[in-house]
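1. Turn this into a structure:
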Amino acid sequence: MVRMDVMRRTVHTCELSPAELAGIRGLLDTAFGGDFSDEDWDHGLGGLHALVHHDGELAAHGSVVMRRVLHAGRSYRIGYVEAVAVRADLRRRGLGGLVMADLERVIQGAYAFGALSASEAGAPLYRARGWQAWEGPIEVLAPDGVMRLPDEEGSTYVWGQIPAAALPLTFDWRDGDVL
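-> Numbering: from 1, shown residues only. All right, here's what the predicted structure looks like:
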């Protein structure tokens, strides 16, 4: 990791200016190579954003939003991590870790546990920070009832006070990618 001076800020969506929101969306669109939809953007709003600036420019971002998860007959309020990205020219310098440290602080202080859906490229960052792949089934409470999401199994990670994996995690419904 190269030492660099950065400015970190954790802020709620409502405190971000239109210009800041546009800058975050631009970072995400670029980082995800155009594969960041309007629904993906919507999923990352309404919670807390961890921002890292380098030389006055936005360099990294992630957000944590509240979601409901059913497990073993109980409803949990969890912190769900969304929209984590680091500018391409600054990757592998610890900025993603700074974003995650700020988001994990929020999760630890406000939620039962954390969850996220990891890409193959992002999974090593999360595993190195103690996030664990959920070993049980993944489901969603869809408009037509509970549906299993086998494609999300293995890429859904949890962190914190994690319940036993023998029973499924059943996530709340949302438009676009459910996880």
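2. Low-confidence stretches in the protein?
-> Within the chain, the segments meeting pLDDT under 70 span 1-4.
3. What ranges does this structure have for its strands?
-> Counting by DSSP state E, the chain has strands at residues 6-12, 48-54, 57-71, 74-86, 113-117, 132-133, 138-142, 145-148, 156-160, 169-172.
4. Using PDB, write out every CA atom in the last one.
-> By that I understand strand 169-172. Output of strand 169-172 as PDB, limited to C-alpha atoms (Å, rounded to 0.1, in the frame of the first residue of the first chain):
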ATOM      1  CA  LEU A 169     -31.300 -15.500   4.800                       C
ATOM      2  CA  THR A 170     -34.500 -14.100   3.200                       C
ATOM      3  CA  PHE A 171     -33.900 -10.600   2.000                       C
ATOM      4  CA  ASP A 172     -36.600  -7.900   1.400                       C
END
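5. for that strand, packing partners?
-> Here strand 169-172 touches strand 57-71, strand 138-142, going by 3 or more CB pairs under 8 Å, 6 or more residues apart in numbering; DSSP states H and E. (Each C-beta comes from the backbone N, C-alpha and C, glycine too.)
6. ok, now the third one?
-> Judged by 3+ CB pairs under 8 Å, 6+ apart, strand 57-71 is in contact with helix 18-31, strand 48-54, strand 74-86, helix 95-110, strand 113-117, strand 169-172.
7. need the helices and strands packed on strand 169-172 in a markdown table with mean neighbour count, can you?
-> Output for these, formatted as a markdown table (neighbours: other CB atoms under 10 Å):
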| stretch | mean neighbour count |
| --- | --- |
| strand 57-71 | 21 |
| strand 138-142 | 20 |
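8. I'd like these laid out as TSV, including distance to residue 160.
-> Converted to TSV, the helices and strands packed on strand 169-172 look like this (distance: least, CB to CB, whole Å):
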stretch	distance to residue 160
strand 57-71	12
strand 138-142	17
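9. closest one to residue 15 among those?
-> Smallest distance to residue 15 across the helices and strands packed on strand 169-172 (CB to CB): 12.6 Å, for strand 57-71.
10. mind saving the C-alpha coords of that closest one as PDB?
-> Extracted in PDB, the C-alpha atoms of strand 57-71 (Å, rounded to 0.1, in the frame of the first residue of the first chain):
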ATOM      1  CA  GLU A  57     -11.000  14.600  -6.200                       C
ATOM      2  CA  LEU A  58     -13.400  11.800  -5.400                       C
ATOM      3  CA  ALA A  59     -11.300   8.600  -5.300                       C
ATOM      4  CA  ALA A  60     -13.500   6.000  -3.600                       C
ATOM      5  CA  HIS A  61     -17.100   5.500  -2.500                       C
ATOM      6  CA  GLY A  62     -19.300   3.000  -0.800                       C
ATOM      7  CA  SER A  63     -22.600   3.200   1.000                       C
ATOM      8  CA  VAL A  64     -24.500   1.300   3.600                       C
ATOM      9  CA  VAL A  65     -28.300   1.200   3.600                       C
ATOM     10  CA  MET A  66     -30.800  -0.500   5.900                       C
ATOM     11  CA  ARG A  67     -32.500  -3.700   4.700                       C
ATOM     12  CA  ARG A  68     -34.700  -6.300   6.400                       C
ATOM     13  CA  VAL A  69     -33.600 -10.000   6.500                       C
ATOM     14  CA  LEU A  70     -35.700 -12.800   7.800                       C
ATOM     15  CA  HIS A  71     -33.700 -15.700   9.500                       C
END
